[in-house]
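J.: My questions concern the predicted model and sequence given below.
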Amino acid sequence: MSQFQSVKGTRDIFPEEAVRWQYVEEVVHRLAALHGFREIRIPLFEYTELFQRGIGSTTDIVGKEMFSFQPDPQGRSVTLRPEMTAGVMRAALQKNLFSLGTVHKLYYIGELFRKERPQAGRQRQFSQFGAELLGVSSPAAVAEVITMMMQIFSSLGLKGLRLRINTLGDSEERARFREALQGWFAPFHDILDEASKERLEKNPLRILDSKNPAIQELVARAPRLYDYLKESSLRDFEKVLFYLDERNIAYDIDHRLVRGLDYYCHTAFEVTSPELGAQDAIGGGGRYDALARELGSATDVPASGFAVGMERLLITMEKQGLLAELPSDVPLVYVVVQQQDLLDNGLQLAWQLRQAGITTEIDLAGKSMKAQMREANRVHASYALFLGATEYATGCYSLKNLATSEQITLTLDAMLQFLQEPKAQKPFYS
Ligand code: HAM
């Protein structure tokens, strides 16, 4: 055993588990393409100011959770990306993607880093897939990203997820509401816990999603942002809900939903999973028209998007029994060499099978035939292909189905044809 362990809050993904990731990733790639989104890959670290400006300096992410460091002694601080949205917007602005007023639909799958206290479903290195729809601001655009996210969930077979949705209005409406909240909570200052006092001062909206029951009770009686919204903002929100209704996407309106990132305006949403404990948010997102300006753009770039936590998604899928019948990456054929002087012929045969697109495994260590058979079973090969003196002399090979023990003898060409037929192949995703 090594004297080293993986760092707290990180984990290794071995092949048996990696096939699950590949399966989800494939569904994400397919459904993103179906909705016209194209993949973007951005750096793992960015200048720290990007996140301070983009996510908001009073948020937990920026205040407490960033892994920041200074690569050069006199240089600027950089930070391992704690989320993707700010980086995607930075990349789009840097490339001047909006000069023609076009719409860009981008999606990603990647690693993120947050210095949170590790616990079930909460890691310091984790993964998300997500999508950002840039350059258009309309209820239809927000509804499109929500729809795509929910379609990914249903394609994976997930059940019982709860979509909560809220509107946060525009910045003016939020400013008026913020003031109203501070005024309303002022007489209760003594009842507030330290975290709430801090929130009320720095980022009053965050007090709404306090988990403390005493604060929740107060919040229930406090003013609601909804009452500070103009007609146009209300209509915008209603139109988003209209599209969701049209598509049979169930949701709960939750006036307390504010989300932990500051860039949102108007619609914000979060999806929770009944299968997760305290960390039950599986994904979330919303509209963020002002982020581009925060990052120095001369104009607003209307935008909306979502991100889903891969680890939490996979925990949910596992608990719902959705990973039992998964794809296997086991070899279809194990070439069993009956005598060692035929090993080179065996290797050539394996090469021919692989050239023909047949997943093939062969022993490279000169093991006995018995040990090769043991290995074929251990790796769950579907067939053993025997190569002995007779096979070598006649050019006909015996193929044994390891599940049924049936054995057939075929010429190489006939065998390649047989193995290439779908019925000989294990269904990749059954
Ligand atoms: P977020 O709500 O911070 O949003 O993260 C989205 C999802 O990432 C969460 O719902 C959760 O499943 C997962 N996640 C977050 N932190 C951790 C962690 N420490 N360990 C495991 N999973 C975690 C965003 O990141 C926004 N960028 C979403 C967005 C995209 N908004 C607009 N576009």
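T.: Structure's in. What do you need?
J.: For L322, see how far away K159 is.
T.: Counting by CB to CB, to the nearest Å, the separation of K159 from L322 is 9 Å. Backbone N, C-alpha and C define where each C-beta goes, glycine included.
J.: Looking at those two, which one has more neighbours?
T.: Using other CB atoms under 10 Å as the criterion, K159 and L322 rank with L322 on top: 18 against 12.
J.: and the lowest-mean-pLDDT helix or strand in the chain, what does it pack onto?
T.: Least confident helix or strand of the chain, by mean pLDDT, DSSP states H and E, is helix 194-202 with a mean of 85. Using 3 or more CB pairs under 8 Å, 6 or more residues apart in numbering; DSSP states H and E, the elements in contact with helix 194-202 are helix 171-185.
J.: Show the average pLDDT along the helix it packs on.
T.: Mean pLDDT, helix 171-185: 92.
J.: Could you do stretch 228-241 as well?
T.: 96.
J.: and it, C-alpha only, in PDB?
T.: Coordinates of each C-alpha in stretch 228-241 appear next as PDB, following Å, rounded to 0.1, in the frame of the first residue of the first chain:
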ATOM      1  CA  TYR A 228     -41.900  44.300  -5.500                       C
ATOM      2  CA  LEU A 229     -42.000  43.200  -9.100                       C
ATOM      3  CA  LYS A 230     -43.200  45.200 -12.000                       C
ATOM      4  CA  GLU A 231     -45.900  44.000 -14.300                       C
ATOM      5  CA  SER A 232     -43.300  43.200 -17.000                       C
ATOM      6  CA  SER A 233     -41.200  41.000 -14.700                       C
ATOM      7  CA  LEU A 234     -44.300  39.200 -13.500                       C
ATOM      8  CA  ARG A 235     -45.300  38.600 -17.100                       C
ATOM      9  CA  ASP A 236     -41.900  37.300 -18.000                       C
ATOM     10  CA  PHE A 237     -42.000  34.800 -15.200                       C
ATOM     11  CA  GLU A 238     -45.500  33.700 -16.000                       C
ATOM     12  CA  LYS A 239     -44.400  33.000 -19.600                       C
ATOM     13  CA  VAL A 240     -41.600  30.700 -18.400                       C
ATOM     14  CA  LEU A 241     -44.100  28.800 -16.300                       C
END
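J.: So for that stretch, what gets flagged as buried?
T.: By 16 or more other CB atoms under 10 Å, the buried positions in stretch 228-241 come out as Y228, L229, S233, D236, F237, K239, V240, L241.
J.: Could you do stretch 412-420 as well?
T.: Result for stretch 412-420 [16+ other CB under 10 Å]: buried residues L412, M415, L416, L419.
J.: out of those, which are inside helices?
T.: Secondary structure defined by DSSP state H assigns L412, M415, L416, L419 of the buried residues of stretch 412-420 to helices.
J.: quick revisit: quick one: which of the buried residues of stretch 412-420 is nearest the ligand?
T.: L419 (41.4 Å; CB to the nearest ligand atom).
J.: Excluding chain neighbours, what is closest to that closest one?
T.: Nearest residue to L419, sequence neighbours excluded (CB to CB, 6 or more residues apart in numbering): I358, at 4.9 Å.
J.: Just list the residues touching the one you found, thanks.
T.: Counting by CB atoms under 8 Å, 6 or more residues apart in numbering, I358 touches L332, V333, L416, L419, Q420.
J.: so G285 makes contact with F306?
T.: Yes. Using CB atoms under 8 Å, G285 is in contact with F306, at 3.0 Å.
J.: Identify the residue of the stretch 101-250 of the chain closest to the ligand, quick one.
T.: For the stretch 101-250 of the chain, CB to the nearest ligand atom, closest residue to the ligand: F126, 3.5 Å.
J.: Report the mean confidence score over the strand or helix carrying V27.
T.: For V27, the host element (DSSP states H and E) is helix 15-34. For helix 15-34, the mean per-residue pLDDT is 95.
J.: Same question for stretch 388-405.
T.: 94.
J.: residues making contact with it?
T.: With CB under 8 Å, 6+ apart as the test, stretch 388-405 has contacts from 333, 338-339, 342, 345, 349, 376-377, 381-387, 406-412, 415, 418-419.
J.: just for the stretch 251-400 of the chain, where's the confidence low?
T.: Low-confidence segments of the stretch 251-400 of the chain, defined by pLDDT under 70: 327-329.
J.: cutoff 80 now
T.: Where the stretch 251-400 of the chain drops to pLDDT under 80, the residues are 325-331.
J.: Who are the contact partners of the residue of it found nearest the ligand?
T.: The ligand sits closest to G309 of the stretch 251-400 of the chain, with a gap of 2.3 Å, by CB to the nearest ligand atom. Contacts for G309 (CB under 8 Å, 6+ apart) come out as G121, F126, S127, Q128, A281, I282, G283.
J.: Please identify the pairing partners of the host helix or strand of the second one and their relative orientation?
T.: F126 belongs to strand 125-134 when elements are defined using DSSP H and E. When pairing is defined by DSSP bridges, strand 125-134 lines up against strand 104-113 (antiparallel), strand 303-309 (antiparallel).
J.: How about residues contacting whichever helix or strand comes after the shortest one?
T.: Yep, that's strand 303-309 we're talking about. Next helix or strand after strand 303-309 toward the C-terminus (DSSP H and E): helix 310-319. If you take CB under 8 Å, 6+ apart as the criterion, helix 310-319 is touched by 20-21, 24, 109, 120-121, 123, 126-129, 156-158, 161, 273, 275-276, 279, 281-283, 323.
J.: likewise stretch 191-204?
T.: 56, 58-59, 178, 181-182, 185, 189, 206-207, 210, 212, 214-215, 218, 262.
J.: Looking at those, which is nearest A371?
T.: The nearest member of these to A371, counting by CB to CB, is T59 at 57.8 Å.
J.: ok, what's across the strand from G285?
T.: Each beta-bridge partner of G285 is listed here, defined by DSSP bridges: F269, F306.
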